[in-house]
Structure formats: C-alpha cells, structure tokens
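Trainee: Fold the following and give me the result.
(2 chains)
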There are 2 protein chains.
Amino acid sequence: MAHKPSIPKGTRDFSPSEIAKRNHIFSAIKKQFEIFGFQPIETPSFENSETLLGKYGDEGDRLIFKILNSGDFISKVDDVTYSSKNSTSIAPKITEKALRYDLTVPFARYVVMHQNELDFPFKRYQIQPVWRADRPQKGRFREFYQCDADVVGANSLLQEVELIQLYDSVFTELGLKDTTIKINNRKILSGIAEFIGAKHLLIDFTVALDKLDKIGERKVKDEMLNKGISQSAIDKASPLFSMKGSVKEQLTQLKGLLTDSAVGITGIDELEAIISTVTELGLKSANLQLDVTLARGLNYYTGAIFEVSAPEGVQMGSIGGGGRYDDLTGIFGLKDVSGVGISFGLDRIYLVLEELNLFPESVDQSLKVLCLNFGDKEGLAALKLVARLRNKGIKADLYPSTTKVQKQFKYADKRNVPYVILLGAKELENGEFILKDMVFGEQTTHKLDETPNALFN
Amino acid sequence: MAHKPSIPKGTRDFSPSEIAKRNHIFSAIKKQFEIFGFQPIETPSFENSETLLGKYGDEGDRLIFKILNSGDFISKVDDVTYSSKNSTSIAPKITEKALRYDLTVPFARYVVMHQNELDFPFKRYQIQPVWRADRPQKGRFREFYQCDADVVGANSLLQEVELIQLYDSVFTELGLKDTTIKINNRKILSGIAEFIGAKHLLIDFTVALDKLDKIGERKVKDEMLNKGISQSAIDKASPLFSMKGSVKEQLTQLKGLLTDSAVGITGIDELEAIISTVTELGLKSANLQLDVTLARGLNYYTGAIFEVSAPEGVQMGSIGGGGRYDDLTGIFGLKDVSGVGISFGLDRIYLVLEELNLFPESVDQSLKVLCLNFGDKEGLAALKLVARLRNKGIKADLYPSTTKVQKQFKYADKRNVPYVILLGAKELENGEFILKDMVFGEQTTHKLDETPNALFN
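Mentor: Residues are numbered from 1 along each chain as shown, chains lettered A, B, ... in the order given. This next block holds a predicted model:
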C-alpha cells in the first residue's frame, strides 16, 4: 500500500511562486556579484569526510551529514570497533563522504587544489545549498542556500570597502533601503581583551556591552562583574559605555581607550581607513555603523567583521555577515593567503522582502497569455498562434483540452494570467483572434498574424 | 599535518569558465521552459528513504546514496540484526534519508503531497542535481544535473506535440541545428510483442532490429533466432526490416503489420496524430524521425517515447529523452493522473556544444574593464570611477594593490578583460582617464565623468 508521502523534517518543497521570489533575490545578488568582478565556482555537494571534519568544532562535526558507504560497508569495520557498539567510533569506518556544511571550507579546499590555475587576487562567488543536522525550528532548516563572495590573495583594505559597497548595491537593487551595515574589527576586540585582562572574558564582555541600549549601564556592569570581570577593568573600560556621536568621534574615543594596545590601534587605523573611504565614495541606501560589540562567531576572522541588519522595525536577525581572515587555506597546507568575504542570508532576506511587500507584483507571473481551446480545428490554429508568440519570446500556452470554457477561464485565473486569447469557429473563419485583458475585462480583435503590443510588456 | 586535499571520485569542481558555459545552457533551457508555460519547482536534496527505495529496481536501490542517522545511530539496531553483520539488513536501521536519485519520483511525491494547491494541468520544470553511486567513468558522474519538464493531468496528445517543439526551441536557441528527435510509442512495441508471441522477447527483438543498419538483415535475424524468437515470428515481422521511405509511408507499413493488434493500432494512431500536427506546425531546426527500435529503459512509459540525438558526425549518446506515463503518482496513492515529460542531458549537451564550437565567445567574459591602480590618490579616484561604472551595470574592477603595472596588465590578460583603464597622476590632474582596448591596443582619453560607449557592448 502506498504511504501518505512526506519530506524529511527541516527540508522544504518550493512552489513555483516561492521559486520565482527566491530567484528574484538570487538574480539581484548574482548580478551585483558579477558587476563587482566576482566569478562563480561550484563545488561538489559532498566532500571527503577529512576535508570537512574538525573544521567547525565538535558541535559542527556532530551537525555534519555523513553518507553511508555503498556495498558491504560493515565488512570494513574491525571486530574490536564493531563490538564496541560505539556510534562515534563506528561512523568513520562506514562513511567516507559528508554533505557540505558551509561554502567557506570547500572554497579553501578549492583554492588550494586549483592554486596553479587561478589568477590572484581571485574573486569568487558561490551560491549553493548547505546541509546541517540542526534541530529544525522556525526559520532554521537542514538544507538552505548560502550566497558567498570572497576575495583571496589581496591584503588591501580596498576589498573591505568594495564589500560594503557590494552589500549596499545588492540591497538597493532589491529595493531594501535603510539596511544597517555594522562594522567592527577583531583587532579592536583583541585590544579590549588585553584591556580587561583576559581573552576568555571577551565574549562575556561584548555580550553584556551589547545590551547597553536595552538594560542600561548599571545592569550591564552587574552582568560583567558576575561573569568575573574585575571592577578595575570595568572602570577602565567605562568610555565604551558612553561611546556616542559620529563614527569619527567614536573612533577618537576608542583610540584614547586602547592607546596602550598595539593590536587595538592597528584595528582602529584599519577601521578608520575603511570608513573614511566608504564615506568619501558614498552609499546608495545603506547606513554604515561602527559597533564595538560586534564579535561574530567564527574563529577564523582576524580583521574587519561585518553584519547587516534589516531596516528598523523589521524583527529579524542579521541578513548578512562576513569579515577578513588571514589564514583560511592554511588548514589545507597553503600558508599566507589572506581572504575577506561576505555572505547573504537568503531565507531571511526573503522574509524581510515579504514583510515589507518588496517583491515586484509581476514576480510570479508565469504566463503572459493563455489561449483557450475550442475544438480540434480551432485548437490547431491556436497552437500555430501560440507557437508564433513563443518564437517572439512571449510566455504563451494553449489550454490542452476542449473542456468547458468556464473551467478554462478558471485555470487562467488561478495561474494569474493577464491575457487570454479566444479563437473560436467565428474568429477562425475571419482569420482573427480576440485578446481579453483579464484585469480590466477589455477585449480587442486582432488578425491571426498580428502580435498585440500588450503582450510585450 | 595538512593533507593534500582532494574531492570524492565521480564529483567535480566547476571553474568560472565552466560555470559560465553551463549557465549558458541552463539559461536557454529555462528560458524556453518558461516561454512554453512551465513553472519551476524544487524539492529537497534528500528524501525519506521509503520515498525513493523500491522505485528504481534493485540496481537503483543499490545506487542510492544513503545518509547516516545522526547521534547514537547504533542504539537503534536490534541485537539480532546487529550480530548478523549483514550490511543490507543493517542499512535501513541506521539510515532514514537518501539523496535524490532522479527528479521524476520526487516530482510524483510533490504532486501527491500538494495536489490540493496545484492547478491541473500542472506544467512543471525542475533543474537540480541528482546523485548516483555508479562506478565513475568517462562522462558518468556521481553528481550531475537533470533538467526536466513534465505536464501532469492532461491526456491530450497536444502535450507531446509541444514537447517536441520545446526540444526544437531549446536546441535552436543554443545554435545546435540538425538534432534528430526520434519518436516511438510503447503501444507499438506492445503490438510487436504480441506479434512475436512473447513480451519478454521484445527487448531482444528491438535490440537486434536496432542493428539493422550496421550488421544487415541476415545477422539481425540470426541474433533473433539465437535469442529464442521463432522463425515464423521473424518471417511475420519481416516488413519491419524493410521499413523505408517517409514517416507517413512507414506508418502505413506498420499499420499493415500490426493490423490484428488493438494496442498496436492505437499506438500508430497516436503517433500519426502527433507527427502530422508537428509537420503542420513545422520545426525550426530539428528533424523528427520515427524509430520503431526506440524502447527506452524506464518501465513507467506507456505512450509516446522520445530520444534526441546530436547532429550527425558528433559521437554522443542521446542528449535528451522522455515520454508519456499513465500512472506515475499511483506509487504514492494518487491514481489516474497521466503525465508526459522530457529531459535534457546537460553534460552531454555541454560536450556537443564544445565540440562544435557553439559557445558564444563572450560567454566567459567575467569582467568588461579593469582599472589599474597607480597609488593611493589615483586609486581612490579610480574607485570612484569604478563605482560609477558599476552603477551603470558595467562589470568593472579596480586592481586592489599598487603593484607593478606589468603584473596588473598580466592579470588583465589572464582574466581576458577586453578593456583596461589607466588613471595615473597626470590623468588625475587633467580630470581624465585612458581607456585601452586590449584586443586592438587602441587608446582613447575620456573625462572622468564620461562613460565610453565601448563599455556597454
């Protein structure tokens, strides 16, 4: 007996209308990636396990989907391991491949494998799905797309400037104005870590500082004390609590604060150079904001870090993020290749555009005109007409059977078709067809060899 | 120590130039799919195992990639099964999901799950990768794309007509002329099976018949006898050996031959209707050919079957195929939904276009203009210029560092950039830049706020 079919939890089917909207976003991102000189690459959906494992921490390793070896996989497990019945020790014996967990590690692997064919600086973009065995929840999926642009082999801060412009250009292209691009620098965070006397407290420190707006200075300081940061460090860091004013003013305050930290000062200088160049060039619709509480999770960042938030009023986590990493390809044996990149969060951007009603109305118009079918003879004439319209690039279709006209109109309605063609016995006799505007109800008559202008819009 | 990285056998990395060429093909296919009124859907990369297993025969089941369950997967295996050490019985206990093997079964699952949201006839297209644990060999991969267009819920033969036009339109769009679309009908094969007295001999019969051109009538008949087909059946079938002339003439001969087979006659009538309508409408560049030896592997076909071959002179298996299936969704409990569809073989089409030199020259031009970098001040001016050009949609880039001009030119060369911009100290002073045509060597001078027409081509 046939089961009622289902799909694995955390995965999705996409309907034509959803695909159309997703493609609208992909197209805008791709278009700007290419205008900015990035080139596409694609890597396999699964990699050898050793390429992925150990690159994302223990939690990451657990979340990587492993592919069972084909054939008699059990015969490759030695007796001792087999009798242990220990899933952790057996897994590596029966799996050799694993599904891509992100696009960054495969990219690093790609750069190392293809280093002799590549022209550095290499600006690549990659838009492919990744898979994570995360517990599915609202807005978190086990299969989702990442959209990454990275430059490797260029140390210049101009790359950071360009990536900020790229964010601005993509979101402007999508009509999503007033996004905020938050920027910080890992070196500033290192400076602050020196400052508060302990690197391991840095995250507690920035997490607490990040709540300043919501809970106020007093509670932030309490939290810091609770986490083991000394009163004297907190006092010393007090200018961070009152950082106000323009980005320029904030940078000046930071400089005063981190004056004894060489790495901190380098970070400030880098930020200053990036921000002043971006300011000089101007942004189209995004705001650039310094945020010293911005830390970002991934350990490989070493310089600038970015995160983009949706326009105010939209409740949504970051819709993009990235940064500079100084030694990504080192894990695969190629040292001293600096990289910097950004990523776009497709699913969240989709939700934001949906909430703000920013998808163009025509985005899921899958058919421009439907030709109704009035019989064998009329149908053949209609098919000729449809073929002619298609040759002109018009999305046209003939209703495939001579069912009731009412039903055919209903289908046109459901498919959201703006025009319908009527070609009945009378019209055929006159060598004509009727074009009906489905929105306004207007009807116009045309010769069979005519192509109404309306169909080109 | 870092390993020398590699990718799993049977998988591929795609370089920017390969992606550009693949996208050229995908775009042509997508464009025509949409012009013909097909709508895109996407399904998850992995399905629940029970959705896929048992749908492709035993061999198919073996070739399906299974995903290891997360967590303590061993604990779900009962002791008896575990001690059997039998991979075949253990596999279903430790895997619940499997990678998509084709697009047809997931599509059937999709139609059944979403039947209440869909407007029938539903014309869907789907372009996604599939995975098979096949032994990799030249031209056969473990991960590859399928490009499918299917109509479900329409019995009309007009669908078959349209799909033939669709093949014609895609290959014409790609500049691939003189492809041959071979057509047959499973019902004719059933008629022949009745004729030779045994259904199980049908494949041997058609395989032998298919060799007529190469080995001649005598040897074909010998092969048939060897396979157990009786002399009297072979004698009866002799008109099949001399089917010559136009499609029309061949159909007449077939009719004479299968006159006693109701199903055979239905098949001929269907073919006749399809072929005469296609002939009436005309094809742009493809040839339609009746081929009674065309059988196609998949068991679910019940009506018309298609296969496309590359232009004569190109050694290549079929570059597309498809057909009518009367009960695809039945496996998931939805009866009596007829479907018909075709598929494009991306990898083979790629090889054919490559061999015939049919990719447009500009296909992998990833950058229109590279601006050289002569210093901090000049670089900033160049960045402004580049930003302005990008805002006009021109693919422009600034070389990111002030390295030797020679090296920058070399990079431009390697990236195959048609134009280079020179903006040195002198030009900056004059508010100008120099545009150099990298093919002809010509240089022209322009005001900084000017956009040379050449960059728009």
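Trainee: count of neighbours near residue A:426?
Mentor: The burial count assigned to residue A:426 is 12, neighbours taken as other C-beta atoms under 10 Å in any protein chain shown. The way it works is simple: take the backbone N, C-alpha and C, and place the C-beta from them, glycine included.
Trainee: again but with residue A:31, I slipped
Mentor: Using other C-beta under 10 Å, residue A:31 is surrounded by 15 other residues.
Trainee: Just the C-alphas of stretch A:295-315, formatted as PDB.
Mentor: Presented in PDB, the C-alpha positions along stretch A:295-315 are these (Å, rounded to 0.1, in the frame of the first residue of the first chain):
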ATOM      1  CA  ALA A 295      32.000  39.900  17.600                       C
ATOM      2  CA  ARG A 296      30.700  37.200  15.200                       C
ATOM      3  CA  GLY A 297      31.000  33.600  16.000                       C
ATOM      4  CA  LEU A 298      33.600  32.200  13.600                       C
ATOM      5  CA  ASN A 299      37.100  31.900  14.900                       C
ATOM      6  CA  TYR A 300      38.900  32.400  11.700                       C
ATOM      7  CA  TYR A 301      38.200  36.100  11.400                       C
ATOM      8  CA  THR A 302      41.300  38.200  12.000                       C
ATOM      9  CA  GLY A 303      40.500  41.800  10.800                       C
ATOM     10  CA  ALA A 304      37.300  43.600   9.800                       C
ATOM     11  CA  ILE A 305      34.000  42.000  10.600                       C
ATOM     12  CA  PHE A 306      30.600  42.900   9.100                       C
ATOM     13  CA  GLU A 307      27.000  42.200   9.900                       C
ATOM     14  CA  VAL A 308      23.900  43.600   8.200                       C
ATOM     15  CA  SER A 309      20.600  44.200   9.900                       C
ATOM     16  CA  ALA A 310      17.200  44.800   8.200                       C
ATOM     17  CA  PRO A 311      15.600  48.200   8.300                       C
ATOM     18  CA  GLU A 312      14.400  49.300  11.700                       C
ATOM     19  CA  GLY A 313      11.000  47.900  12.600                       C
ATOM     20  CA  VAL A 314      11.600  44.600  11.000                       C
ATOM     21  CA  GLN A 315      12.200  41.900  13.600                       C
END
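Trainee: Can you give me the buried ones in it?
Mentor: When neighbours are counted by 16 or more other C-beta atoms under 10 Å in any protein chain shown, the buried residues of stretch A:295-315 are found to be A:295-296, A:300-311, A:314.
Trainee: For stretch A:73-81, measure first residue to last.
Mentor: The separation between the terminal residues of stretch A:73-81, taken as C-alpha to C-alpha, to the nearest Å, is 14 Å.
Trainee: what is the rounded mean pLDDT of it?
Mentor: Within the predicted structure, the mean pLDDT of stretch A:73-81 is 96.
Trainee: need the contact list for residue A:447.
Mentor: Residue A:447 sits next to A:431, A:432 when contact means C-beta atoms under 8 Å, 6 or more residues apart in numbering or on different chains.
Trainee: gap between the closest residue to residue A:14 other than its chain neighbours and residue A:22?
Mentor: Of all residues beyond its chain neighbours, the one nearest residue A:14 is residue B:42 (4.3 Å), with distances taken as C-beta to C-beta, 6 or more residues apart in numbering or on different chains. For residue B:42, the distance to residue A:22 (C-beta to C-beta, to the nearest Å) stands at 8 Å.
Trainee: residues shared between the contacts of the two?
Mentor: residue A:14.
Trainee: Please list the residues of the stretch 301-450 of chain A that sit near chain B.
Mentor: If contact is defined as C-beta under 8 Å from any C-beta of the partner chain, the residues of the stretch 301-450 of chain A in contact with chain B are A:330-333, A:366-367, A:370, A:379-380, A:383-384, A:387, A:390-391, A:393-398, A:400-401, A:411, A:414-415.
Trainee: tell me how far stretch A:324-331 is from the chain's mean position?
Mentor: Between the mean C-alpha location of stretch A:324-331 and the chain-wide mean there is a distance of 21 Å, by C-alpha atoms, centre = their mean, to the nearest Å.
Trainee: Stretch A:412-430 now?
Mentor: Using C-alpha atoms, centre = their mean, we find the averaged C-alpha position of stretch A:412-430 to lie 41 Å away from the chain's own average C-alpha position.
Trainee: now what about that stretch, what contacts it?
Mentor: Stretch A:412-430 is contacted from outside by A:364-372, A:374-375, A:377-378, A:381-382, A:385, A:409, A:433-439, A:443, A:445, A:454-455, B:119, using C-beta under 8 Å, 6+ apart.
Trainee: so what are the domain limits for chain A?
Mentor: Residue ranges for the structural domains of chain A, counted by automatic domain parsing, are given in the record as A:16-355, A:366-456.
Trainee: Ignoring the adjacent residues along the chain, who's closest to residue A:199?
Mentor: Computed as C-beta to C-beta, 6+ apart, the closest residue to residue A:199 that is not its neighbour in sequence is residue A:193, at 4.5 Å.
Trainee: Please verify my assumption that the one you found contacts residue A:201.
Mentor: Yes: with contact defined as C-beta atoms under 8 Å, residue A:193 reaches residue A:201; the gap is 7.5 Å.
Trainee: helix or strand right after the least confident helix or strand in chain A by mean pLDDT?
Mentor: Lowest by mean pLDDT, DSSP states H and E among the helices and strands of chain A is helix A:202-209, with a mean of 80. Moving toward the C-terminus from helix A:202-209, the next helix or strand (DSSP states H and E) is helix A:212-226.
Trainee: in the stretch 351-457 of chain A, what residue is nearest chain B?
Mentor: Across the stretch 351-457 of chain A, the shortest distance to chain B (C-beta to the nearest C-beta) belongs to residue A:397, at 3.4 Å.
Trainee: so what's the backbone phi/psi at that residue?
Mentor: Backbone geometry at residue A:397, expressed as degrees, to the nearest 10, gives phi -150, psi 150.
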